[in-house]
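# Sequence plus predicted model, see below.
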Amino acid sequence: MVNEYFSLHTYGGTLEYYLFELANFSALAFFAVFLYKLNYINSNSLLAWLAIFFAPLIFNYFLFSPFLFGDQFRYAAEVMYQKSSGSSLDFLSASGVVEPAIQLTAKMLGVIPLPNYMTVTSLAFANMFLLFVIFLWFKRFFRNENEVLLYFLIPSLILYASLSLRDSLITMLSILFIINLIRDRYFFAAVLLYPLFILKIQMFAFLSLYLIARLFFRAHKNYGLFIFFVSGMMIGGFIMEEQILAVLNLYRLAFAAENFVAFDGSISYLAYNVYGGGLAEALKLSSLGDAFFKAILALPIFFIMPLPWNWSNIFYPLQSFESWLLIYLYVRLAMKQNLYKNSEFILLTFILLIGSSIYALLLANEGTFVRYRFSLFYPFLLGAFYLSSSHRFLKK
Amino acid sequence: MSILKKINLKEKFSLSREFFNELVFVKRSLHAFGASLLLSFFIVQISSPSFSVTSTLREADVSSPTSMDMGSAATALFGVSVNADKSGPTDEFRSAMNSYFLAQRMWNKGWGSKIFGSGDMNEEYFNKIPKRHTISDRVGAFISGYDLYDYFSAYDLQGYIQSTIAVRQRIGETNVLLSTQTESKDFAIEFMNAVILETDQYTKERLILKSNEIISATYSQLAVSKNSMIAAALATTINSEYFKIANLENDLPHLLDVIDPPHSSEYPIAPKVSAIFFSSAIIFLFASILFSFIQKNKEDLW
């Protein structure tokens, strides 16, 4: 009966921990050196990626405790259990159902051929490997590799890829989806929606809307079709108003309840159950117009948070600076060669604004929504970057 | 064909061969491999083997639901358990095991001395086991102006139990697994056994106390009750509480039956000797490759 249940041995910060993870780093670094010798990447990329590959060793246990992002242990335990037994640990969500997102993340990251999956940080190296592959794929579309490299040096991208979480996987799948959709590869893009449905249903919803806009409305072709899509969406919205509001109100309340702090120090759902009686009514959206108005008001906060008065750890000022940087990059791309007049770019930005508005409506916990914002914004930023490059070539 | 031309397979193959001949299949790699063996031997030598000590228990008196109630229907429809707040024997066992009162009982039996002190069972000794604090803790306490505890107490034992013994139960199963990872397996087996028995005993005593209180309060109500129906109901309550006491006042386990008593894994779960050798070899081999690579590509890189 000893092995009936699985128990994760984490090697927390010991010599063995660094030995196992240095081996993972060495394998990835070897891959990068090999590709450099084959002239797939230039020397700047090689040096930058060697530094990026080292990041997981810097974050967990060294800069902060892995318990700061405690979910890492669930992913690590799941992948190790799958590898050792072939079955799942069946982690439960707060509502008492098995979380398929953990299983799928473990399956997708667990197939990466790393030397070992021994500690809580091993999956971070799998994330890193996938990010590097995305870089190799993405840079094919550009003449200037260094310019592409700069977009892969965004701090949040490195941070999330350096942790054993699914955020990085969601971002990478979204990048693949957006770029393939822009390149008219509809089938491949549609296939990518399946893992996104399991990993992050919100991203699935936003990107499905993008697929519908392009495939059925051809909204990327010209302004007329774009307006037709927007009109269609508005009519659909009014027909389905009740259902849309029910979902929005449910999530608005759920996020607020999760972030609830009572006067006696109790937090989250426990505190909400006792003291949060009036919250549901206060947060209720009465109509789509009301939702639209509230989203417009919350959108600027969503884009620039965490705001200085909410800074509670070292990452917040960095993330605040980064949020401005991301907005600047997006605006700069829009202005470059009048890309903002391109109907494909307009559609891309419209979908980004729809996604951001919905998140802005649900806005509760700073840390959670900074994470959500990045996994939404970054793929669209790369989409805009790709468009700026293809737009440039088309002009020539 | 065009794809193959685009990739330029011939050139890539020749570059790969050059890479391996120049950087991998060289004498330095052999030296690196030798050094990795030495380091691995050293690490394995200094690592203390860690064993897994486990015990399997089974929930006692588990009644299975006979019909699909509202809670199960909601679970099936919405994926949300309506009756999720109802605690079973496992939850009760877990909360009792992690409680201060259990730690206090264990402390009084000298377990604090075995864990934090020399093992001396003299009460005067184990109530005065000096507690060491790190310099940073002392400096922090001095600057902020608060006192650090001089001696270990039952609260430390409570923390020890909470952090070392995990209680797990898989969905839909009645078996419960207690596990811990330890370098001293004999002590862990003895300690886990004591925790299981003491938790059950503590739960029983608490319930007996509760039943006695209910009986005493119900008797006083019965004395003043004039309504025959209420008197009958009170009498039933008293009977049921006496029955509970009769059930609890025996040596049988109350919450969980022990199926497998605590025992240790035969082989240690850490260190993983093969993984240490393998990882170490990869690190040293890569270090050797990187060294040769930098030597040969210094100009290109900087």
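Yep, that arrived.
# Find me the pLDDT at residue 282, would you?
Since you didn't name a chain, this refers to chain A. Note for A:Ala282: predicted pLDDT of 78.
# actually it's chain B I care about, not the one you picked
pLDDT, read off for B:Ile282, is 95.
# for A:Gly276, same thing?
68.
# Over to B:Val82?
38.
# Residues in contact with the helix or strand hosting A:Asn180: which ones?
Assigned by DSSP states H and E, A:Asn180 belongs to helix A:167-182. For helix A:167-182, contacts defined as Cβ atoms under 8 Å, 6 or more residues apart in numbering or on different chains pick out A:105, A:108-109, A:127, A:130-131, A:134, A:138, A:141, A:157, A:160-161, A:188-189, A:192-193, A:195-196, A:199-200, A:203, A:207, A:210-211, A:214, A:344, A:348, A:371, A:374-376, A:378-380, A:382-383, A:386-387, A:390. (Glycine included, C-beta is placed from N, CA and C.)
# Pull the helix or strand following that helix out as CSV, backbone CA atoms only.
Later in the chain than helix A:167-182, the nearest helix or strand by DSSP H and E is helix A:186-199. Extracted in CSV, the C-alpha atoms of helix A:186-199 (Å, rounded to 0.1, in the frame of the first residue of the first chain):
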residue,chain,number,x,y,z
TYR,A,186,-8.1,28.6,-40.3
PHE,A,187,-8.0,24.9,-39.7
PHE,A,188,-4.8,25.0,-37.6
ALA,A,189,-6.1,28.0,-35.7
ALA,A,190,-9.4,26.2,-35.0
VAL,A,191,-7.5,23.2,-33.7
LEU,A,192,-5.7,25.4,-31.2
LEU,A,193,-9.0,26.5,-29.7
TYR,A,194,-9.5,23.1,-28.1
PRO,A,195,-6.6,23.2,-25.6
LEU,A,196,-7.5,26.9,-25.0
PHE,A,197,-11.0,25.9,-24.1
ILE,A,198,-9.6,23.6,-21.4
LEU,A,199,-6.8,25.8,-20.2
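# tell me the angle of the following helix or strand past helix A:186-199 relative to helix A:167-182?
Sequence-wise, the next helix or strand downstream of helix A:186-199 (DSSP H and E) is helix A:201-215. Interaxial angle, helix A:201-215 versus helix A:167-182 (axes from the mean of the first three to the mean of the last three Cα atoms, to 10 degrees): 10 degrees.
# List the residues that contact the nearest residue to A:Lys336 once chain neighbours are set aside.
Counting by Cβ to Cβ, 6 or more residues apart in numbering or on different chains, A:Lys336 lies nearest to A:Ser388, which is 5.4 Å off, once chain neighbours are set aside. Listed by Cβ under 8 Å, 6+ apart, the contact set of A:Ser388 reads A:333, A:336-337, A:339.
# Kindly report the same for A:Ile41.
Applying Cβ under 8 Å, 6+ apart, the residues contacting A:Ile41 are A:32, A:35, A:49, A:136, A:139, A:145.
# Then B:Lys109?
B:194, B:198.
# 10 Å instead, please
B:121, B:126, B:194, B:198 (Cβ atoms under 10 Å, 6 or more residues apart in numbering or on different chains).
# okay, now the residue in the stretch 251-396 of chain A positioned nearest to chain B: neighbour count?
Going by Cβ to the nearest Cβ, chain B is nearest to A:Asn273 of the stretch 251-396 of chain A, at 9.6 Å. By other Cβ atoms under 10 Å in any protein chain shown, the residues close to A:Asn273 number 14.
# Please identify the buried residues of the least confident helix or strand in chain A by mean pLDDT?
With mean pLDDT, DSSP states H and E as the measure, the helix or strand of chain A carrying the lowest mean pLDDT is helix A:268-275 (a mean of 71). Within helix A:268-275, the residues that qualify as buried are A:271-272, counting by 16 or more other Cβ atoms under 10 Å in any protein chain shown.
# what separates that helix from the chain centre, distance-wise?
Helix A:268-275 has its average C-alpha position 29 Å from the chain's average C-alpha position, going by Cα atoms, centre = their mean, to the nearest Å.
# Next SSE downstream of it?
Under the assignment DSSP H and E, the closest C-terminal helix or strand after helix A:268-275 is helix A:279-283.
# got a list of what the nearest residue to B:Ser50 once chain neighbours are set aside touches?
Spatial nearest neighbour of B:Ser50, chain neighbours left out: B:Ala270 (4.4 Å); criterion: Cβ to Cβ, 6+ apart. If you count contacts by Cβ under 10 Å, 6+ apart, B:Ala270 has them with A:9-11, A:14, A:16, A:118, B:47-52, B:181, B:183, B:276.
# now do A:Ala257
A:Ala257 neighbours (Cβ under 10 Å, 6+ apart): A:268-273, A:276, A:279-280, A:283, A:364.
# ok so, going back, among the contacts of A:Ile41, name the ones in helices.
Residues of the contacts of A:Ile41 located in helices (DSSP state H): A:32, A:35, A:49, A:136, A:139, A:145.
# What is the burial count for the second one?
This points to A:Leu35. A:Leu35, neighbours per other Cβ under 10 Å, totals 16.
# what's next to the helix or strand encompassing A:Val148, contact-wise?
Assigned by DSSP H and E, A:Val148 belongs to helix A:145-151. The contact list for helix A:145-151, computed with Cβ under 10 Å, 6+ apart, reads A:40-42, A:44-45, A:47-49, A:52, A:135-136, A:138-142, A:144, A:157, A:329, A:378, A:381-382, A:385-386, A:389.
# elements contacting the host helix or strand of B:Ala246?
Per DSSP H and E, B:Ala246 falls inside helix B:228-248. Applying 3 or more Cβ pairs under 10 Å, 6 or more residues apart in numbering or on different chains; DSSP states H and E, one finds that helix B:228-248 contacts helix B:185-224.
# Could you tell me the angle between the helix it packs on and helix B:228-248?
Taking the same axes, to 10 degrees, one finds helix B:185-224 and helix B:228-248 inclined to each other by 160 degrees.
# I'd like to know how far the residue of the stretch 251-396 of chain A closest to chain B sits from A:Leu279.
In this view, A:Asn273 and A:Leu279 are 11 Å apart by Cβ to Cβ, to the nearest Å.
# Between the two, which contacts overlap?
A:257, A:260.
# Report the contact partners of the closest residue to B:Ser16 other than its chain neighbours.
Among residues not flanking B:Ser16 along the chain, A:Leu38 sits closest, at 6.7 Å (Cβ to Cβ, 6+ apart). With contacts defined as Cβ under 10 Å, 6+ apart, A:Leu38 is in contact with B:8, B:11-13, B:15-16, B:18-19.
# change it to 8 Å
B:12, B:15-16, B:19.
# residue ranges for the strands of chain B, please.
B:51-59, B:166-168, B:175-182, B:256-264 (DSSP state E).
# Please identify which of the ones you listed is closest to A:Ala298.
Closest approach to A:Ala298 among the strands of chain B (Cβ to Cβ): strand B:166-168, 41.6 Å.
# What pairs with that closest one, parallel or antiparallel?
strand B:175-182 (antiparallel) (DSSP bridges).
# how about the CA coordinates for whichever strand or helix holds A:Phe73, as PDB?
According to DSSP H and E, A:Phe73 maps onto helix A:71-85. Output of helix A:71-85 as PDB, limited to C-alpha atoms (Å, rounded to 0.1, in the frame of the first residue of the first chain):
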ATOM      1  CA  ASP A  71      -0.200  26.200  -7.800                       C
ATOM      2  CA  GLN A  72       3.200  25.200  -9.200                       C
ATOM      3  CA  PHE A  73       3.200  22.200  -6.800                       C
ATOM      4  CA  ARG A  74      -0.100  21.000  -8.200                       C
ATOM      5  CA  TYR A  75       1.300  21.000 -11.800                       C
ATOM      6  CA  ALA A  76       4.600  19.400 -10.700                       C
ATOM      7  CA  ALA A  77       2.800  16.700  -8.700                       C
ATOM      8  CA  GLU A  78       0.400  16.000 -11.600                       C
ATOM      9  CA  VAL A  79       3.200  15.600 -14.200                       C
ATOM     10  CA  MET A  80       5.300  13.400 -12.000                       C
ATOM     11  CA  TYR A  81       2.300  11.300 -11.100                       C
ATOM     12  CA  GLN A  82       1.400  11.000 -14.800                       C
ATOM     13  CA  LYS A  83       4.900  10.000 -15.600                       C
ATOM     14  CA  SER A  84       5.200   7.400 -12.800                       C
ATOM     15  CA  SER A  85       1.700   5.900 -13.000                       C
END
